[in-house]
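**Q** My questions are about this predicted structure, shown below with the sequence.
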Protein chains: 2
Amino acid sequence: MTNSREQLDAWMEIALSEAGRALDHGDVPIGAVLIDAKGDVVASDHNRREERKDPLAHAELLVLSAASGSDDWRMTDHTLVVTLEPCAMCAGAIQQARLGYLVYGAADPKAGACWSLYNIPQDARLNHRVEMTAGVLAEQSSNLLSEFFAERR
Amino acid sequence: MTNSREQLDAWMEIALSEAGRALDHGDVPIGAVLIDAKGDVVASDHNRREERKDPLAHAELLVLSAASGSDDWRMTDHTLVVTLEPCAMCAGAIQQARLGYLVYGAADPKAGACWSLYNIPQDARLNHRVEMTAGVLAEQSSNLLSEFFAERR
């Protein structure tokens, strides 16, 4: 797994492009991309809550779900790159999927469960620990979110 | 919403029947049923993780997902009845769905996120609070789980 800063930025650019697509259907712009051990994109998607009227259709759940279904469902050698700090549901899903490495952009002080309110991916009481890098291209993610909410006011 | 003990027991019996069905495909026996404001069953399902090779296919996520898709996706007048204390993923999903009332059976001291490790449904920092009753027919749920794990040893 190449974890250079340049590599993380490149993956985050893909996630940010996905986030932009959420705007097409009035959804909060959050995007995610799942990378395998070889560094290839396995799945990428964006928040589709409003589009699908489905409160569970967060970008992270969609990509984790898209990558499941094989006998080797554990994602210990996979990297999930997401533009915003995951919520409790998505952080829990990351745990359930036994994800190896989580990379996120902006922090979410109101609902983030990967540092802000909880740190579910690294809770020593759970039976799996996820490596984590935060703050990658955080400003670009924050700006995208700020513009979205400013336009709605 | 009728919340008498008899009513909760009756709903939990449905969830326990669902839990039993998970055994048909070698899954940990956990079941859930979603009830609307009128007291009618909206969806019921059980853990399908092994069956689908999908780490996200918990009973709770399956029933919440089955009930989404309409304009009125908020479940503030719905009751979710589940045989085991939900994990962080499912507790987060319960929050996302704005569920009104959560009822569960046995506690899960290792991974429960509705009292044991966290209390996500009632975290005052989040923008929604879920009413909660624990311990309904807990022994029946525990026995089902104990038998399952005893047979696998």
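**A** That came through fine. Predicted model only: the values in this text are computed from it and were never measured.

**Q** for the nearest residue to A:Ala15 once chain neighbours are set aside, which residues make a bridge with it?
**A** Among residues not flanking A:Ala15 along the chain, A:Gly31 sits closest, at 4.3 Å (Cβ to Cβ, 6 or more residues apart in numbering or on different chains). Glycine gets a C-beta too; all of them are placed from N, C-alpha and C. Applying DSSP bridges to A:Gly31 gives these bridge partners: A:His46.

**Q** Next up, the contacts around A:Gly31.
**A** A:14-22, A:44-47, A:59, A:82-83 (Cβ atoms under 8 Å, 6 or more residues apart in numbering or on different chains).

**Q** hmm, 10 Å instead?
**A** Neighbouring residues of A:Gly31 by Cβ atoms under 10 Å, 6 or more residues apart in numbering or on different chains: A:12, A:14-22, A:44-47, A:59-60, A:63, A:81-84, A:105, A:141, A:144.

**Q** swap in A:Ser142?
**A** Contacts of A:Ser142 (Cβ under 10 Å, 6+ apart): A:83-84, A:105-107.

**Q** same thing with A:Asn3?
**A** A:79, A:101, A:103, A:131, A:133.

**Q** I'd like to know which of these are buried.
**A** Listed as buried from those are A:79, A:101, A:103; burial here means 16 or more other Cβ atoms under 10 Å in any protein chain shown.

**Q** on that earlier part again, I'd like to know which of the contacts of A:Gly31 are buried.
**A** In those, the ones that pass as buried (16+ other Cβ under 10 Å) are A:12, A:14-16, A:18-19, A:21-22, A:44-47, A:59-60, A:63, A:81-84, A:105, A:141, A:144.

**Q** Strands - which of the residues you listed land there?
**A** If you go by DSSP state E, the buried ones among the contacts of A:Gly31 have A:44-46, A:81-84, A:105 in strands.

**Q** Export the buried ones among the contacts of A:Asn3 to a markdown table and append columns for secondary structure and pLDDT.
**A** Listed next are the buried ones among the contacts of A:Asn3 as a markdown table, based on DSSP: H, G, I helix; E, B strand; the rest coil; pLDDT from 0 to 100:
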| residue | secondary structure | pLDDT |
| --- | --- | --- |
| A:Thr79 | strand | 98 |
| A:Tyr101 | strand | 98 |
| A:Val103 | strand | 98 |
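
**Q** Among these, which one sits closest to A:Arg152?
**A** Distance to A:Arg152, by Cβ to Cβ, is smallest for A:Val103 among these, at 27.8 Å.

**Q** which residue packs closest to A:Ser65, ignoring adjacent ones?
**A** Per Cβ to Cβ, 6+ apart, closest to A:Ser65 is B:Leu56, 5.6 Å.

**Q** Quick check: pLDDT value at the one you found.
**A** pLDDT recorded at B:Leu56 is 97.

**Q** Same question for A:Asp71.
**A** 84.

**Q** Could you look up the SS state of it?
**A** coil (DSSP: H, G, I helix; E, B strand; the rest coil).

**Q** dump the residue contacts of it.
**A** B:Lys53.

**Q** A:Val81 now?
**A** A:7-16, A:18, A:31-35, A:41, A:44, A:63, A:101-105, A:133, A:136-137.

**Q** try it again with 7 Å
**A** A:11-12, A:15, A:32-33, A:35, A:103 (Cβ atoms under 7 Å, 6 or more residues apart in numbering or on different chains).

**Q** Likewise for A:Leu16?
**A** Counting by Cβ under 7 Å, 6+ apart, the residues that A:Leu16 touches are A:31, A:83, A:137, A:140-141, A:144.

**Q** Out of the residues you listed, the closest to B:Glu151 would be?
**A** Closest to B:Glu151, out of all of the contacts of A:Leu16 and judged by Cβ to Cβ, is A:Gly31, at 43.6 Å.

**Q** okay, the closest one: pLDDT?
**A** 98.

**Q** A:Glu151 now?
**A** 89.

**Q** Write out the residues of chain A neighbouring chain B.
**A** Taking Cβ under 7 Å from any Cβ of the partner chain as the criterion, chain A approaches chain B at residues A:52-56, A:61, A:64-65, A:68-71, A:73, A:87-89, A:91-93, A:95-97, A:111, A:113, A:117-118, A:120, A:125-126.

**Q** could you point out the longest helix in chain A?
**A** Using DSSP state H, we find that the single longest helix of chain A is helix A:5-22.

**Q** what's the angle from it to strand A:79-84?
**A** 50 degrees (axes from the mean of the first three to the mean of the last three Cα atoms, to 10 degrees).
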